[in-house]
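*Asks:* let me see the structure of the following:
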Amino acid sequence: GILCLGPAAPTITGNTISNNTTGIYCDNYSTPTISGNTFTGNVTPISADINALLNIGANILNGNANNYLSTGGQLTKDITFKLSASPYVTTSVTVPAGRTLTIEPGVIVKLQQGYNTSYGYSAIYVYGTLIADGTPDQKIVFTSIKDDSYGGDTNGDGNGSSPAAADWVGIRFYSGSVNSVLDNTVVAYAGLGDSHEPQGGFSVYTESSSLTISNNEIKNNSLYDDVGIYCNSSSPNITGNTIWNHGRGILCLGPAAPTITGNTISNNTTGIYCDNYSTPTISGNTFTGNTGYAVLTDSRAIYLNTENNYWGNESGPYDPSDDRASGGLYNPTGTGDSVSDYVDYDPWLGQEPPTLISLASFTAIPANEKVILEWVTESEIDTVGFNLYRAESEDGEYVNINSSLIPAEGLATSGASYQFIDNDVQNRKTYFYKLEDIDLNGTSTMHGPVSTTPRKVIELRVKE
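*Replies:* I've put the predicted structure just below:
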């Protein structure tokens, strides 16, 4: 339909582009503006090198064989995957050192299956920076092209295909990668081997310690040796994730020392495996339904500290191996998930760890040209403070309205009451608000939205 090559920068808006093999094709030197067009009856509506995505916005894609934006390649500039152009389908994306790929909340990224002779393995390789910072309400999704549960039937084959473990490689952070964030995302059906790691099996692989992995769902990579998160001599923060249906949920090899806290690790063969060189911090996690071991480690001089975790039952983990004579533990009556020798699990938690904050109420009270926001917590665990966000529609853009973090005042055993007055509003206009709590590790949780309409209150007096 339209071909953009070289330093082409056309503005393509308001067109109907139909019945082509490719509606618009853009090479890596072009920077077109593409928005407000209707694509119908094409095989592929838009195919663009990743460097041509600077100005691609919302278009109508309907009735094409493949209703998606096809992209890939190596970044030569900083690029943002915009929600307005989602879903994105790619074979391979490489973020080189010094470049940043930012993915907006709510974006769906689907990976083609396996290996493509033109673009290589289906993966996201990060040598620079990846910012995938979703929200609880708008998670970023990385999944298989065959996964219709996110974004619908993107590959247009109806029920002709189903996603499976190892459909694509995964997300890989190499040693030069810095300041990357993987927060509030879904990573599913990864684990394919590639030229870097032929044996494969890693949904999220990291050699970098400059990485935060928080509040994600990493799932359905259930081949025997597949791994949810592989820390290769690295020490990222792994907090608040749900990691399930893998051969090994988390793998720590070499001098890896990640902080692993507040995660739910379930239905894996092994929840966490650590070799005898790794020294992770493992606390406040929940282990349930792991069929082999919740935690498995090699022989080591210093026992692996896994105190203060919940093992699936108040009786603690199942440990039938009596090695107390050599300083170990013994808990044959425990009915929780199993642990290996060389694991120090005592004391353990008798119930699932509480959430970082227990919110009793969050309300928005209308007043004359202002909104009074009040919230009450029942408990606060390691909470640093709160932020408030306002939007003019429930699904609109939420803007931070407090100039500085609102300090936390509650405790783990007792909460607190808070009030904030938003004076930057108009009467007779409806506003939506969200509350964000932030803990010591930088993990945030969003609450809401709540809504209200400020108005002038007229007092009527009856003359007697």
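
*Asks:* checking the closest residue to Tyr310 other than its chain neighbours next. Helix, strand or coil?
*Replies:* Spatial nearest neighbour of Tyr310, chain neighbours left out: Leu349 (4.2 Å); criterion: CB to CB, 6 or more residues apart in numbering. Yep, even glycine has a C-beta here, placed from its N, CA and C like the rest. At Leu349 the chain is in coil, as set by DSSP: H, G, I helix; E, B strand; the rest coil.

*Asks:* neighbours of Leu349, how many?
*Replies:* 18 (other CB atoms under 10 Å).

*Asks:* what about it, distance to Asp437?
*Replies:* 21 Å (CB to CB, to the nearest Å).

*Asks:* quick revisit: what's the spacing between the residue nearest to Tyr310 and Gly228?
*Replies:* In terms of CB to CB, Leu349 sits 22 Å off from Gly228.

*Asks:* kindly report the same for Tyr433.
*Replies:* Look at Tyr433 and Gly228: by CB to CB, they are 35 Å apart.

*Asks:* higher neighbour count, those two?
*Replies:* Neighbours were counted for Tyr433 and for Gly228 using other CB under 10 Å; Gly228 has more, 34 against 24.

*Asks:* residue contacts, Ser299?
*Replies:* Ser299 is in contact with 276, 341-342, counting by CB atoms under 8 Å, 6 or more residues apart in numbering.

*Asks:* in this structure, what secondary structure element scores lowest on mean pLDDT?
*Replies:* strand 115-116 (a mean of 57; mean pLDDT, DSSP states H and E).

*Asks:* identify the residues contacting stretch 300-318?
*Replies:* Identification of contacts with stretch 300-318 by CB under 8 Å, 6+ apart yields 274, 276, 280-289, 294-295, 297, 327-328, 331-339, 342-353.

*Asks:* which of the residues you listed are buried?
*Replies:* 274, 280, 282-288, 294-295, 297, 331, 334, 336-339, 342-343, 345, 348-349, 353 (16 or more other CB atoms under 10 Å).

*Asks:* quick one: low-confidence parts of the chain?
*Replies:* 114-120, 194-200, 222-225, 353-357, 412-414, 440-442, 457-464 (pLDDT under 70).

*Asks:* name the nearest residue to the residue nearest to the spatial centre of it, sequence neighbours excluded.
*Replies:* Closest to where the C-alpha atoms of the chain average out (CA atoms, centre = their mean) is Thr185, at 1.9 Å. Counting by CB to CB, 6+ apart, Thr185 lies nearest to Ile140, which is 4.4 Å off, once chain neighbours are set aside.

*Asks:* ditto for Lys77
*Replies:* Of all residues not flanking Lys77 in the chain, Asn51 sits nearest, at 5.9 Å (CB to CB, 6+ apart).

*Asks:* I'd assumed Gly72 was in contact with that neighbour.
*Replies:* No. If you go by CB atoms under 8 Å, Asn51 and Gly72 don't touch, sitting 10.4 Å apart.

*Asks:* show me which of these two is the more surrounded one.
*Replies:* Higher neighbour count among Asn51 and Gly72: Gly72, with 23 against 20, using other CB under 10 Å.

*Asks:* name the element that one belongs to?
*Replies:* Remark: Gly72 resides in strand 69-74, with elements defined by DSSP states H and E.
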